[in-house]
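Q: give me a model of this one.
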Amino acid sequence: MGKFIYGLGGDSVELDDRTLAHLRIVVMNKLRRSEPFMFDASLGEGTGRRSFWLHPAVPLQFQFSGGRSPRLNRLWLDELMKAASGPSGLTIMPEPTEPVEAPAADPV
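A: Numbering: from 1, shown residues only. Okay, the predicted model is just below:
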């Protein structure tokens with residue numbers, strides 16, 4: 001489990017590394033465009049949630065527990081970006097299954 005760390009006070013939310021890697025890409029893209037947004041994070045099974053206002057002026061950290069970067073799912077990134085740009089802000093949703101690519105046809 002990695003951590004999303006917000007602000008100088010060290011407020012954090014634990015997320016698995018795969019989810020954290022996707023969150024990092026979405027946050028990086030939104031903030032480099034100077035587009036602040038709300039991020040809602042679940043605190044675990046039935047323990048509530050926290051909302052974070054993400055703005056370029058707020059220091060953020062993404063702390064990964066593993067040493068390797070996971071392969072990114074483009075469909076999930078697209079869905080997360082749409083959510084971050086919507087009126088309710090970003091909430092982590094389940095990862096969609098990527099379509100399986102068909103093998104290339106043999107040339108005739």
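
Q: which residues in this structure form helices?
A: Along the chain, the stretches classed as helices by DSSP state H are 17-32, 74-85.

Q: got the angle between the shortest one and helix 17-32?
A: Read that as helix 74-85. Angle, helix 74-85 to helix 17-32, by axes from the mean of the first three to the mean of the last three C-alpha atoms, to 10 degrees: 50 degrees.

Q: other residues contacting helix 74-85?
A: Contacts of helix 74-85 from elsewhere in the structure, counted by C-beta atoms under 8 Å, 6 or more residues apart in numbering, are 22-23, 25-26, 29-30, 35, 37, 39, 89-93, 95-96, 98. The C-beta positions use only the backbone N, C-alpha and C, and glycine is treated the same way.

Q: again with the first one
A: With C-beta under 8 Å, 6+ apart as the test, helix 17-32 has contacts from 1-4, 15, 36-37, 39, 54-56, 60, 62, 64-66, 69-70, 72-73, 76-77, 80-81, 84-85, 90, 92, 95.

Q: I'd say residue 60 and residue 10 touch.
A: No: counting by C-beta atoms under 8 Å, residue 60 stays clear of residue 10, with 11.4 Å between them.
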